[in-house]
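Peer 1: Sequence first, then the predicted structure:
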Amino acid sequence: MTDMLAQCDAVTRRFGRFTAVDGVDLQVRQTEVVGLLGANGAGKTTLIRLLLGLLPATGGDVQLFGAAPSRQTRQRIGYVPQSLGLYDDLTPVENLAFSAAVFGHRGRNGAAVAALPEEVRCYSRVVVGDLPLGIQRRLAFAQALAHQPDLLVLDEPTSGVDPLARARLWETIAEAAAAGAGVLVTTHYMEEAQECTRLVVMAEGRVVAQGTAAEIVGDTHVCVVDAPDWARAFDALESAGLPAALAGRTLRVPDASAADVRRALGSVTAALSTAPATLEERFFQLTLSAARKTAE
């Protein structure tokens with residue numbers, strides 16, 4: 001029995017003349033958490049919809065559990081979309097009971113109450129539209145996990161919630177993977193990406209890097225600018241089209257050589273050095289490079 005749960009081979013999706021997903025390969029296996037990273041418009045959500053069979057592919061092959069996406073394969077998936085997939089005018093209990101019925105697990109509301117996370121139970125009689133976002137997300141996770149899926153697909157599952165709630169949601173993800181499920185998750189938070197077994201970075205509809213966080217960063221370095229007047233240095237770099245990030249009282253320039261930085265600084269007094277890039281800085285480099293190639 002194969003441990004491959006989901007697979008995309010050279011998958012492409014076009015909308016008229018616009019190519020949203022361009023020849024993407026993707027695999028998700030049992031017990032692994034695959035992080036799908038990309039800026040807005042990179043093609044992440046479109047790829048997920050292709051994987052779920054909600055959109056047909058223009059080219060390439062998509063398989064879930066060794067077969068084409070279908071109602072039967074989707075029964076083995078727990079899906080949390082960006083919109084959460086909850087009914088605002090139903091209570092948490094009613095949402096869980098409805099989901100259970102959809103998956104063929106009909107029962108009384110008592111079973112739905114038992115399935116509620118502890119922090120959601122005190123809201124069991126409140127309609128979802130009146131719940132805090134963090135509670136809504138916990139409920140969406142509970143609903144996605146209630147039928148014990150083999151594959152979890154999570155599209156920005158922690159967006160807009162506080163750090164503690166995000167940590168709890170990631171504990172749930174880790175527990176699902178440890179129990180044998182595969183997980184495909186999109187996120188904008190680079191610290192969350194470190195929790196993934198493997199990362200796939202998308203830009204301009206294509207995969208531009210994949211592997212562990214350490215493999216993607218590799219030996220990439222950034223230019224560090226130590227200037228007495230860091231604000232003036234920042235303005236000079238920005239004017240030259242070299243985005244910089246303030247770290248303490250130094251500036252880190254992720255996509256430029258020391259020579260380019262020195263030229264951009266002009267008369268600004270500064271000491272330059274190099275430092276290993278962070279995952280976020282490497283992500284920025286990959287995204288910017290892909291955008292430049294597309295513009296050529």
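Peer 2: Looks like it arrived, so ask away.
Peer 1: Now stretch 27-36: buried residues?
Peer 2: 27-29, 32-36 (16 or more other CB atoms under 10 Å). Quick note: C-beta positions are derived from backbone N, CA and C, even for glycine.
Peer 1: thinking residue 180 is in contact with residue 30, fair?
Peer 2: Yes: using CB atoms under 8 Å, residue 180 is in contact with residue 30, at 5.7 Å.
Peer 1: Now do the shared contacts for those two.
Peer 2: Residues touching both residue 180 and residue 30 by CB atoms under 8 Å, 6 or more residues apart in numbering: residue 150.
Peer 1: For this structure, which segments are assigned as helices?
Peer 2: 44-52, 71-74, 92-102, 109-115, 118-121, 133-145, 163-178, 190-193, 213-217, 230-239, 258-265, 279-295 (DSSP state H).
Peer 1: hang on, the earlier thing: for the buried residues of stretch 27-36, which one is nearest residue 125?
Peer 2: residue 33 (34.2 Å; CB to CB).
Peer 1: Could you pull up the residues touching that closest one?
Peer 2: Neighbours of residue 33 in contact, by CB under 8 Å, 6+ apart: 173-174, 177, 182-183, 185, 195-198.
Peer 1: How much space separates it from residue 53?
Peer 2: Computed with CB to CB, to the nearest Å, the distance linking residue 33 and residue 53 is 22 Å.
Peer 1: List buried residues within the contacts of residue 33.
Peer 2: The buried subset of those (16+ other CB under 10 Å) comprises 173, 177, 182-183, 185, 195-196, 198.
Peer 1: now, among these, which is nearest to residue 277?
Peer 2: residue 196 (18.1 Å).
Peer 1: hang on, that closest one packs against residue 36?
Peer 2: No: look at residue 196 against residue 36 with CB under 8 Å: they stay out of range, at 9.1 Å.
Peer 1: which residues are common contacts for these two?
Peer 2: Shared contacts of residue 196 and residue 36, counting by CB under 8 Å, 6+ apart, come down to residue 185.
Peer 1: ok, for residue 168, nearest residue in space, not its chain neighbours?
Peer 2: residue 138 (7.4 Å; CB to CB, 6 or more residues apart in numbering).
Peer 1: who touches that neighbour in this structure?
Peer 2: Contacts of residue 138 by CB under 8 Å, 6+ apart are 117, 119-120, 165, 168-169.
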